[in-house]
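Participant: everything below, folded, please.
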Amino acid sequence: VPELMQQMAIYFVQFRPANIAENQYHLLLKFLVENKQIADTTIFTLNYELLLDQCAYNLNLKIDPIGNSSSEDSLKVIKLHGGCNLVPDSTKLRVSRAATFTKDALFQGDAKYLVNPNEVLEFCLGDNGLPPIMSLIMRKKPVQVSSFILDNYQKIWKDTLSENNKVIIIGVNPNNEDSHIWEAVKTSPSKIYFVGTKDKIDKTLGNSNLQYEIIGNRFKESLEAILKILKEG
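Facilitator: Coordinates of the predicted model:
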C-alpha cells in the first residue's frame, strides 16, 4: 500500500491547468484577490492534486496549509484528506524502502508542504519507504502517516462549520459514511450553498434542519452565482 500511494502521488502531481486564465479556480481566486477577500477565506479541499495550488501561485499567492494566515497574499488551503505534496519530513521521519511493515503500523512525525512538484517526484522515487500524507480512498479514509495532521485539519473544518460563516460546497455530494465531513455540515448554523447533484443532496440533507440552497450542478455554470454570493459580503 505505501508504494501504491507513492505511485498515486506521482500520478496526481502531473496534472496542470490546460488554460490557467480560464480555469475556475483561477477565476475564483482572482475575484478574491481583486476584492481583498483572501484573508477572510479558507478553502477546504478533498482533492490530492495541485491545480488549486498552481492557480494560487499564478496570482502570486502563497499557500498557508495550516490556516493561520491573516494576510491578503497568503491563501489558507486545508487539504482534509491530505495531498500529494504533503510529505513526511525526512529529517525527522524516515523508513528505508527496504523495510516492510503491516497495514496496522502507524508513523507519526512532522510534515513538509512542498511547493515544487519536482520535489514530490524526488520524494516518491527516493529511499523513503513512506508515502505522502494522503487518506486511503476507502471507508473512514484511514491514513498511515502523520494522521494527527489530518485530524487537526478536520478539527479546523468542524470549528469553521460550527460558526455562522458563509459556506459554499462545490462538487462534493453528501456521503453519510464520511461523517467527519458531513456531521459538521448537518449541524452548522451557517447558510450552506451547494454546487452539485440536487437529488443526491436533497436525499441526504432533506430531513435535516440545515439551511441550504443548491445554486447549480457544475462549477463552471455556477461561478457567476458564487461570485455574487461572495460579493454580498
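Participant: buried stuff in the helix or strand of the chain with the lowest mean pLDDT?
Facilitator: The helix or strand of the chain with the poorest confidence is helix 198-205; it has a mean of 87 (mean pLDDT, DSSP states H and E). Residues 201, 204, 205 are the ones in helix 198-205 that count as buried (16 or more other Cβ atoms under 10 Å). Any C-beta I mention is one placed from the backbone N, CA and C, and that applies to glycine too.
Participant: return the residues in contact with the nearest residue to residue 154 once chain neighbours are set aside.
Facilitator: Leaving aside its chain neighbours, residue 154 sits nearest to residue 180 (5.1 Å; criterion: Cβ to Cβ, 6 or more residues apart in numbering). Taking Cβ atoms under 8 Å, 6 or more residues apart in numbering, we find residue 180 in contact with 80, 141, 154, 157.
Participant: now the residues you listed in CSV, with pLDDT?
Facilitator: As requested, the contacts of residue 180 are exported to CSV (pLDDT from 0 to 100):
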residue, pLDDT
80, 96
141, 83
154, 95
157, 97
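Participant: which ones among those map onto helices?
Facilitator: Using DSSP state H, the subset of those located in helices is 154, 157.
Participant: what's the most distant pair in the contacts of residue 180?
Facilitator: The most widely separated members of the contacts of residue 180 are 141 and 157, with 12.9 Å between them, by Cβ to Cβ.
Participant: and residue 186, what are its phi and psi?
Facilitator: phi -60, psi -30 (degrees, to the nearest 10).
Participant: show me where the chain has helices.
Facilitator: 2-12, 24-34, 51-58, 117-125, 147-162, 179-186, 198-205, 219-231.
Participant: which of the ones you listed sits most buried?
Facilitator: helix 51-58 (a mean of 19; mean count of other Cβ atoms under 10 Å).
Participant: what residues does it touch?
Facilitator: 15-17, 20, 23, 25-26, 29, 43, 45, 62-63, 75, 77, 85, 115.
Participant: how far does it sit from the chain's center?
Facilitator: Here helix 51-58 is found 13 Å from its chain centre; the criterion is Cα atoms, centre = their mean, to the nearest Å.
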